[in-house]
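[1] this one's sequence-less:
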């Protein structure tokens, strides 16, 4: 089966400025693709290119096997949900939802039944006669979704649809979108700058920066095996600890040496990874630094560390230390005995660490 | 209201405060009298007989109210050789202003829609060029326009004047609509495109229904400009097609016969009435529309 | 074809206006500029003869009077309208209960034709029957107010009428400006115990610099274009004592049949407008693009 969306060597320029460089992405039917990156990385431009709202400067774009490179948005069989919802202010909710069908000349009876079905699905039946101005943010969001759903398109496009909602509602709607995806089995492309949204929703994530794709992979791959320092730093909260270190091969594996302001360097031994250059940056997720007896792992290596700051966060407690000239955060359990200024014995899970080259930032292991 | 107003003269004695307040209202009242005085004089003079005007003074109320001057002004006053009052000229102005306002507003709306929502390479340059045209002194186009109207065969006709007003009104009408539409999020256009609507469909179904405030502003502005125009009227019309401003000037400045000041004033009020009415009835929508910006939704 | 039309519809829609502007604004300016360099008299000629028309123009006493008048009229009209407008705006900003009605009264002259304004003031200033006669009637027999027919003073009657017509509009501009000043700054000043008048002079008025600029641009533009008011009020007289460039141009174009002079005077008017408006438009457009 042809991929539902297939982008090959896509370029986008505004005059001399290259906004998107050599983008290659393809997803299968039913995939939930999330484009994530900091603002200005080109993710929204890419989405607009997929929608046909921005012409592309080079490359090709196929939807369900059909070349859509120069096809106008209305003929691409897509639906789109916008950040500002973009509801038509002078039309009622019902008219907003049926406008597309009306434009396409769908008969009134079909319009009506589809409207009813979508309204029921999204539980907005009681809002159908209202104007967008009379709705709350969450309700507008639902109507915007309804306008997309009613189209029953090959591809749904979402442009940061939750960023205008408050924190609580955002989590609720996130769950709802996920559930919708699972229920419909529809193919979706979703843009966000929020890496948690990306992790929770996606079946496939594209991390972008400066108009270039940094990594494509499943959420787990992106999280556990970031392709470079940017992805490592961008995905995950608190961010992955990225600590400069010296690597020296010895009999048992590789000896990793991390300097410290006070006291002797921490020395860890990685049994699996060999052939590392001397200068590396070691990436450790906060949850991979734990108290020795709490999250035991066969690859764990222990070291004594001086705790600087203790931040209880309810379910977890974060402790901050200094290593290799960087602040390092560890995610400990809530009832930890760690106290500021005291030494704490910690276990580093070397089975899950990443190594990066300091100059290129690329992953080494 | 600035907060300042709330606490004006704070710390002063109560009596001082009240006195200051009175002073303020007196000052405002005097200024109001200053602005109203000419209108008052016009109205009272138009209701006096010539006899009373010669003997009485400027600001007294008429001893005997007479509408003779109004009747003369409307139906029999002489503008040059013609003596039919201002009635035909009033209708000339209507015939010029109404189509010119409608056409220039419609074109301005479409132009503004393109410049704000369908930008292309060069559309901003077009807008700048158009904007600049708002500021030229029209004297600089009078001579060539007179010749071009002649070439087009509409010199001295009402369609010719309509054409002139439409052309030189486009700058402002486009400016108004552009500034209004630019505050409407471009996502609205994008959403409609995805929904399958085209250029005109989006304009008609989405932008036009949103445009009432700015249509009001543009129509008031254009109507006032065109109705009150004198330069184009006097340059490009002939005896039968003159607008009311030109007729008014001819009546007032005609050197033949007895000077009928009451008729002059009645004519002036007739000439001013449509724009005054528009201002009084819709003036607040004008101010509101000018400041109206973003759209909810 | 339909695809092409679909893609280029915005351009197609804009094209007629673009062509119209190109011809009727820029083309016509070019035509006038060209003719101003010829010996055109009753009919336009197209052989360029250098700056002969401009030499004639600057040698003409009547043009000299018109430019002088423009300077006097422009300066007084702009300065007094701004001062009066600002004063009225500040007075109206004091939480006045009847603000809406007062604002309407101050603003209505703006809705009138300059011809109507001129007619009204011509009557009021009429020496035989207007203010002069009225004050004499009150017993002040020696009172004279004959500016309208006094060659040295006629231009000031135009100033009076123009200020009456436009100061309300300036008031509205300034009032909007006063209302847009950040209220937190004003509150902070009040908490600091700064007296009201100082808040105006030190905080509010300086922050309205852009509005002063806009008002200046609009008023100077009005001043240079002033034509109808002069025609209705003084007809440029007595003699040509109250001529402005606009009336000079009109007289040359339509009653004297001197197209060369009309074109060159129009170009000078245009140059005056340019020197004021172009820097302003340029900075405005730049600010918008940022």
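    Good, I have the coordinates. Being a predicted model, the structure only gives us computed values, none of them experimental.

[2] buried stuff in whichever strand or helix holds residue B:35?
    Residue B:35 is part of helix B:14-46, with elements assigned from DSSP states H and E. By 16 or more other C-beta atoms under 10 Å in any protein chain shown, the buried positions in helix B:14-46 come out as B:24-25, B:28, B:31-32, B:35, B:38-39, B:41-42, B:44-46. (Each C-beta comes from the backbone N, C-alpha and C, glycine too.)

[3] so which of the residues you listed also contact chain C?
    B:24, B:25, B:28, B:31, B:32, B:35, B:38, B:39, B:41, B:42, B:45 (C-beta under 8 Å from any C-beta of the partner chain).

[4] per-residue pLDDT, the nearest residue to the fourth one once chain neighbours are set aside?
    Spatially, and ignoring its direct neighbours in sequence, residue B:31 is nearest to residue C:88 (6.2 Å; C-beta to C-beta, 6 or more residues apart in numbering or on different chains). What the model reports as pLDDT for residue C:88 is 92.

[5] Name the nearest of the ones next to chain C among the buried residues of helix B:14-46 relative to chain A.
    Checking those against chain A with C-beta to the nearest C-beta, the nearest one is residue B:28 at 37.6 Å.

[6] what's the closest non-adjacent residue to residue C:174?
    residue C:89 (3.6 Å).

[7] can you tell me the average pLDDT over the helix holding residue B:35?
    Helix B:14-46 comes out at a mean pLDDT of 88.

[8] Please pull up the helix or strand immediately following that helix.
    helix B:50-55.

[9] tell me the mean pLDDT over the following helix or strand past that next one?
    Using DSSP H and E, the helix or strand that follows helix B:50-55 in sequence is helix B:68-71. The average pLDDT for helix B:68-71 rounds to 83.

[10] And stretch A:172-179, by the same measure?
    Computed over stretch A:172-179, the average pLDDT equals 91.

[11] Can you pull out the residues in contact with it?
    Identification of contacts with stretch A:172-179 by C-beta atoms under 8 Å, 6 or more residues apart in numbering or on different chains yields A:138, A:141, A:145, A:158, A:161, A:162, A:165, A:190, A:197, A:200, A:201.

[12] Report the buried residues of it.
    Applying 16+ other C-beta under 10 Å to stretch A:172-179 flags A:173, A:174, A:177 as buried.

[13] for the stretch 1-150 of chain C, which spans come out with low pLDDT?
    C:1 (pLDDT under 70).

[14] secondary structure class for the residue nearest to residue B:31?
    Following DSSP: H, G, I helix; E, B strand; the rest coil, residue C:88 is assigned to helix.

[15] where does it sit relative to chain A, distance-wise?
    36 Å (C-beta to the nearest C-beta, to the nearest Å).

[16] Neighbours of that residue, how many?
    Other residues within reach of residue C:88, judged by other C-beta atoms under 10 Å in any protein chain shown, total 24.

[17] And for residue A:136?
    11.

[18] and it, how far is that from chain B?
    12 Å.

[19] Spell out which residues of chain A are next to chain B.
    Counting by C-beta under 8 Å from any C-beta, chain A sits next to chain B at A:48, A:51-53, A:72-74, A:78-80, A:82-91, A:99-100, A:103-104, A:131-133, A:140, A:147.

[20] Dead centre of the chain: give me the residue that sits there.
    Just so you know, I chose chain A. Nearest to the mean C-alpha position of chain A, by C-alpha atoms, centre = their mean, lies residue A:198 at 2.7 Å.

[21] Not quite, go with chain C.
    Chain C, centroid-nearest residue using C-alpha atoms, centre = their mean: residue C:222 at 1.4 Å.
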